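# pasting a predicted model and its sequence here:
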Amino acid sequence: MTIDTLSPPETATLLRDAVSQHSGLSFEALKGWLFARLFQGLVYPQIWEDPEVDMAAMEISPAHHVVTIASGGCNALSYLAAHPRKVTAVDLSPAHVALLKLKIEGLRHLPSWSEFYRFFGAANDVGNIASYQQFIAPHLEPEVRAYWEGRKLTGARRIAGFTTVIYRQGVLGRFIRAGQFVARLYGVDLRGLLKCRTLAEQRAFFESRISPLLSRGLVRGLTKSHLSLFGLGIPPQQYEALAEGRDVLSVLHERLERLACGFPLSENYFTWQAFGDGYAHGGEGPLPPYLQEQNFENVRRNVERLSVQQINLTHFLDQVPHGSVDRFVLLDAQDWMNDVQLNALWCAIASAAAPGARVIFRTAGTETILPGRIDEAVLSGWKYLVEASQRGHARDRSSIYGGFHVYERRA
């Protein structure tokens, strides 16, 4: 297992280049700078792409090398349940790298699934500090340990987040809590959705309690600002892709409706996170694959196949042997890219891709963004799998993306 680290100045520069498409002193450049600053800290305590959809679309085999953007790390760890030959997770965020490394050492050294779940699933027990000190901390690289034992602006150590529900923290966690606060201002407790017993009850709660909130003046005003959606991890350029020429509020209404009542609560842990900022009590509800008890031993056994690198994805792919990667997971990162960045990425993918390789990604809008933007000489080497893409989108429980897309390398 390996980890590459970047200095803070290098990280800041690469993050700014990744999310900003403007330079100078313009307001657009300022928004890009602000978003890059946010991404230097913890953004996603849990990833918001559905790893079960990913695994079905990738059809992972024991011979495959999977390369993925790490984000919260739930995806990279969950893929291990499918027994790939190798998984490489890359990310520019030092906080995301530190989170995934913490989970890896927890898998390797916590004594049992129950203790692993208590730490990373419930994440609300003061006993987690003792578990960290005894089982995890001695095995962390110095820079990762320094991150978790470092202090936030509040003075609390970062590792203490696992005693107060880590999912309430990070940029996304704070955004969810802010949304809950606004709802309470209008007399709505969003946690009430989690008491529903059927899909019909979920829909009734959404239509009677949640939907009317979206017409309130404060909510309408907030969603008109690009800055307000930074908490969802949506950079300025992705805001426009999300809207697709429509009123952003109407698009958010559709996505929120699907999240609230598109899947039974017994199946959708994303709904529990969005409306309860955590998983169902006691691990009795749905969980991501890496947290499920039946997967614990397989994931722990396979964790040695996972490597983590703090590096730009394109730069990483430029360095790997030709034809050595079988599966690529891009999350929604392409929505952030300009055409130069997008073409550089796909040239690197084309070089790294093994025969029959697949690429999966999500978009804020509904359509694949590649035609007309990627050099046709590169894109012609790939086939868009329409049915697999539609099937993946229909099954994607996170419900916040407009499209799920699968490309396969032509023979």
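Cool, the structure landed.

# neighbouring contacts of stretch 299-307?
Contact with stretch 299-307 is made by 1-3, 76-78, 80-81, 83-89, 104, 107-108, 289-290, as judged by CB atoms under 8 Å, 6 or more residues apart in numbering. Using the backbone N, CA and C atoms, a C-beta is placed for each residue, glycine as well.

# return a PyMOL selection command for the buried portion of those residues.
Remark: buried members of the contacts of stretch 299-307, expressed as a PyMOL selection using 16 or more other CB atoms under 10 Å:
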select buried, resi 3+76+77+78+80+81+83+84+86+87+88+89+104+107+289+290
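
# out of the contacts of stretch 299-307, which sit inside strands?
Among these, the ones falling in strands (DSSP state E) are 3, 86, 87, 88, 89.

# which ones are touching the third one?
The contact partners of residue 87, taken as CB under 8 Å, 6+ apart, are 65, 66, 67, 68, 76, 79, 80, 305, 306, 307.

# how about the last one?
Taking CB under 8 Å, 6+ apart, we find residue 89 in contact with 68, 69, 70, 73, 76, 100, 306, 307, 308, 309.

# same check on the second one?
For residue 86, the contacting residues are 64, 65, 66, 305, 306, 307, by CB under 8 Å, 6+ apart.

# repeat that for residue 103.
By CB under 8 Å, 6+ apart, the contact set of residue 103 is 73, 77, 120, 290.

# closest one of the residues you listed to residue 166?
Nearest to residue 166 among these: residue 120, at 8.0 Å, using CB to CB.

# so where do the strands sit in this structure?
Assigned by DSSP E, the strands in the chain fall at 3-4, 65-69, 86-90, 306-309, 325-329, 353-363, 382-384, 403-409.

# need the ones you listed in JSON lines with distance to residue 156, can you?
JSON lines is the format used below for the strands of the chain (distance: least, CB to CB, whole Å):
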{"stretch": "strand 3-4", "distance to residue 156": "25"}
{"stretch": "strand 65-69", "distance to residue 156": "28"}
{"stretch": "strand 86-90", "distance to residue 156": "27"}
{"stretch": "strand 306-309", "distance to residue 156": "25"}
{"stretch": "strand 325-329", "distance to residue 156": "33"}
{"stretch": "strand 353-363", "distance to residue 156": "33"}
{"stretch": "strand 382-384", "distance to residue 156": "47"}
{"stretch": "strand 403-409", "distance to residue 156": "38"}
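
# list just the one of these that sits closest to residue 114.
For the strands of the chain, the distance to residue 114 is smallest for strand 306-309, at 22.4 Å, taking CB to CB.

# centre of the chain versus the closest one, how much separation?
Relative to its chain's centre, strand 306-309 lies at 16 Å (CA atoms, centre = their mean, to the nearest Å).

# can you pull out the helices in the stretch 101-250 of the chain?
In the stretch 101-250 of the chain, the helices defined using DSSP state H, counting those that start in this stretch lie at 113-117, 127-131, 142-149, 170-185, 199-205, 217-223, 236-243, 248-261.

# which stretch among these comes nearest residue 400?
Evaluated over those, closeness to residue 400 peaks at helix 248-261, with 5.2 Å, by CB to CB.

# restricting to C-alpha, output the closest one in PDB.
Once non-C-alpha atoms are left out, helix 248-261 reads as follows in PDB (Å, rounded to 0.1, in the frame of the first residue of the first chain):
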ATOM      1  CA  VAL A 248     -32.200  25.600 -10.700                       C
ATOM      2  CA  LEU A 249     -34.900  25.400  -8.000                       C
ATOM      3  CA  SER A 250     -37.100  23.200 -10.200                       C
ATOM      4  CA  VAL A 251     -34.200  20.900 -10.900                       C
ATOM      5  CA  LEU A 252     -33.400  20.700  -7.200                       C
ATOM      6  CA  HIS A 253     -37.000  19.900  -6.500                       C
ATOM      7  CA  GLU A 254     -36.900  17.000  -8.900                       C
ATOM      8  CA  ARG A 255     -33.700  15.600  -7.400                       C
ATOM      9  CA  LEU A 256     -34.900  16.100  -3.800                       C
ATOM     10  CA  GLU A 257     -38.200  14.400  -4.600                       C
ATOM     11  CA  ARG A 258     -36.300  11.300  -6.000                       C
ATOM     12  CA  LEU A 259     -34.100  11.300  -3.000                       C
ATOM     13  CA  ALA A 260     -37.000  11.500  -0.600                       C
ATOM     14  CA  CYS A 261     -39.400   9.000  -2.200                       C
END
